[in-house]
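> one predicted model, sequence on top.
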Amino acid sequence: MSSLQNLAPAPLWRHFADICSIPHPSRQEAALIAHIEAFAKQQGLHHQRDHAGNLILRKPASPGLEHHPGVILQSHLDMVPQKSDHSAHDFSRDPIRPQVVDGWVTATETTLGADNGIGVAAILAVMESDDLIHGPLEALLTVNEEAGMDGAMGLEPGILQGKWLLNLDSEQEGELYVGCAGGIDATLTLPLERGNHREGAGFAVVISGLAGGHSGIDIHLPRGNANRLLAELLLPFAERGDLTLGGFEGGSLRNAIARRAEAIVATAASDAQTLTAELQQAAAELQSHWADDEPDLAIRIHRCPIEQPTLNGSSSLRLLNAILTCPHGVFTMHPDLAGVVETSNNLARVTLQQDHAQLLCLARSAREAGRDEVCATIGEVAKAVGAALELAGAYPGWTPNPSSPLLATLNALHTKLFGQPAEIKVIHAGLECGLLAAAYPQWEMISFGPTICFPHSPSEKVEIASVERFWRYLCHSLERLATS
């Protein structure tokens, strides 16, 4: 972590280096929580965990400000574990290896975890500081935000006493977020039949090198989805009866655009040479089509053994057609906010098991009705291909309040510090604020953060200069809220 030692603000980057050194993917935050509890004990801070597993810290107000309304600083503890195709990184065991490159901090072949490690580091730096001016402070560090928002969903009413919540999980400096999309997981389970014997020639067809990215923030960009590209490549050959599927696995996480997918296919031994040549030609055409938007797209075709009977022809076609008819991408743009996605779906993960396949989607919308429209569309796909549809993990959006006094105060402060007002934004991603408001409807909430690019992908990076300005803004915000 030596590359971070000379960065400012030093306390924030020191805490971020500690966070990087402790594995903390979703549902594996225990070691990081233990580290923060030890920190709190050393600092003499009250700390506790609620029934959902969230960690709560408390720090008394600066002298004379004890009776001012309290502020809750909120971030999530987990990170999205994504790595490059050739990386051997084990997120359950290995530390993240940050490096400084041209004014940015990035990681070595993995996600960095600046989402939301920078927010957590800033909170810990505030909690240990003895020269900041602030009212009563509480820190709410939630668990499993990235894989289900379990911590926010299970937050207990009444356990926190503050009035204002500052969510530090936004990713563009100079913007104040006042609303976000809600979402729901949609899983299609498609029954399939294996019937073909293991005779013949087997091939692995692998698509990799796609940019991927955050399924909310990046869903409108011209990026390929590995699941769909692989199905598009294979479908014409399956329709001709030239191949059947023995395996299919693509994507990884519900909130990441699929970067990689692999299929095992089989054909008659006598057709192997011809099929290989035709697949390679089709792959070259697909790469050419995506050359501008996905310049690193790679398609590899190589011989492999057939270890179990493949799907029969009709089941192979049903799976490929299900992948291609399942919606992916933007449904509608927001009618009142230029450039903001209102409703979308991410076809995140496809897995072929022995007798069925599963397609996992994450539908998002700023409107509950929009979310329901996506689910209805996926339901029509399920009906058409004979799949069962399960909806789970619904979470609400965060409705904007443009007349919020907290927004007015922080925007005025932004103008004073940086010479211009902040941009007021609604994000097409699942901030925890909507769920937190369900337990604490009286809170006023704002979300802000430094500039983080390419979250949920191995290209994730955070701008060093923006972190310093984010820290300055956070410190002045605490003082302004305590003295205004």
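Sure, I can see it.
> only C-alpha atoms for contact and neighbour calcs from this point on.
Will do.
> dump the residue contacts of the closest residue to Asp94 other than its chain neighbours.
Among residues not flanking Asp94 along the chain, Pro23 sits closest, at 6.4 Å (C-alpha to C-alpha, 6 or more residues apart in numbering). Taking C-alpha atoms under 8 Å, 6 or more residues apart in numbering, we find Pro23 in contact with Glu29, Ala31, Leu32, Phe91, Ser92, Arg93, Asp94, Pro95, Ile96.
> you'd agree Pro23 is in a strand?
No: counting by DSSP: H, G, I helix; E, B strand; the rest coil, Pro23 is not found in a strand; it is coil.
> picking up where we left off before, most neighbours of all the contacts of Pro23, which one?
The member of the contacts of Pro23 surrounded by the most neighbours (other C-alpha atoms under 10 Å) is Ile96, with 26 neighbours in all.
> ok, that one to Ala34 distance?
18 Å (C-alpha to C-alpha, to the nearest Å).
> now Gly113
In terms of C-alpha to C-alpha, Gly113 sits 18 Å off from Ala34.
> thought Arg27 was touching Glu146?
No: judged on C-alpha atoms under 8 Å, Arg27 makes no contact with Glu146 at a distance of 9.2 Å.
> sorry, back to before: of the contacts of Pro23, closest to Ser365?
Closest to Ser365 out of these is Glu29 (28.3 Å), distances taken as C-alpha to C-alpha.
> wait, isn't that closest one in contact with Val80?
No: taking contacts as C-alpha under 8 Å, Glu29 lies outside contact range of Val80: 11.8 Å.
> shaky segments in the stretch 101-250 of the chain?
Along the stretch 101-250 of the chain, the parts satisfying pLDDT under 70 run over 196-198.
> okay, Arg27 and Glu146: which has more neighbours?
More crowded of Arg27 and Glu146, by other C-alpha under 10 Å: Glu146, with 25 against 16.
> max-length helix in this structure?
Using DSSP state H to define each element, the chain has its longest helix at helix 464-483.
> other SSEs contacting that one?
Counting contacts by 3 or more C-alpha pairs under 8 Å, 6 or more residues apart in numbering; DSSP states H and E, helix 464-483 is packed against helix 405-418.
> packing partners for the helix it packs on?
Helix 405-418 sits against strand 444-447, helix 464-483, with contacts defined as 3+ C-alpha pairs under 8 Å, 6+ apart.
> for Gly117, find the nearest of these.
helix 464-483 (11.9 Å).
> starting at the chain centroid, how far to the closest one?
Centroid separation for helix 464-483 versus its chain: 25 Å, with C-alpha atoms, centre = their mean, to the nearest Å.
> could I get the CA-only coordinates of the helix or strand containing Leu317 as CSV?
Using DSSP states H and E, Leu317 maps to helix 313-325. What follows is helix 313-325, C-alpha atoms only, in CSV (Å, rounded to 0.1, in the frame of the first residue of the first chain):
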residue,chain,number,x,y,z
GLY,A,313,-31.4,-29.8,-30.2
SER,A,314,-34.7,-28.3,-29.1
SER,A,315,-33.4,-27.5,-25.6
SER,A,316,-30.3,-25.9,-27.1
LEU,A,317,-32.5,-23.6,-29.2
ARG,A,318,-34.8,-22.8,-26.3
LEU,A,319,-31.9,-21.6,-24.1
LEU,A,320,-30.3,-19.5,-26.8
ASN,A,321,-33.6,-17.9,-27.8
ALA,A,322,-34.3,-17.2,-24.1
ILE,A,323,-31.1,-15.3,-23.7
LEU,A,324,-31.7,-13.3,-26.9
THR,A,325,-35.3,-12.5,-26.1
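> so which bits of that helix are buried?
Gly313, Ser315, Ser316, Leu317, Arg318, Leu319, Leu320, Asn321, Ala322, Ile323, Leu324, Thr325 (16 or more other C-alpha atoms under 10 Å).
> for the strand ranked longest in the chain, name the packing helices and strands.
Ordering each strand of the chain by length in residues (DSSP state E) puts strand 341-352 first. Judged by 3+ C-alpha pairs under 8 Å, 6+ apart, strand 341-352 is in contact with helix 226-239, strand 244-250, strand 329-333, strand 356-365, helix 368-385.
> now for the first one, which elements pack on it?
In terms of contacts (3+ C-alpha pairs under 8 Å, 6+ apart), helix 226-239 is packed against strand 201-208, strand 244-250, strand 261-267, helix 272-289, helix 313-325, strand 341-352.
> pLDDT on the last one, on average?
Read that as strand 341-352. Averaging pLDDT along strand 341-352 yields 97.
> the third one now?
Within the predicted structure, the mean pLDDT of strand 261-267 is 96.
> strand partners (parallel or antiparallel) of it?
Strand 261-267 sits in its sheet next to strand 201-208 (antiparallel), strand 244-250 (antiparallel), going by DSSP bridges.
> with distance to Gly154 added, can I get those in JSON lines?
Output for the strands paired with strand 261-267, formatted as JSON lines (distance: least, C-alpha to C-alpha, whole Å):
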{"stretch": "strand 201-208", "distance to Gly154": "37"}
{"stretch": "strand 244-250", "distance to Gly154": "31"}
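> now, of these, which is deepest in the fold?
Among the strands paired with strand 261-267, strand 244-250 has the highest mean neighbour count (mean count of other C-alpha atoms under 10 Å), at a mean of 25.
> run the chain-centre distance for that strand.
25 Å.
> quick one: it to helix 226-239, angle?
On the basis of axes from the mean of the first three to the mean of the last three C-alpha atoms, to 10 degrees, strand 244-250 is oriented at 170 degrees to helix 226-239.
> what is the neighbour count of Asp130?
Applying other C-alpha under 10 Å, we find 9 other residues in the vicinity of Asp130.
> kind regards, and thank you for your time.
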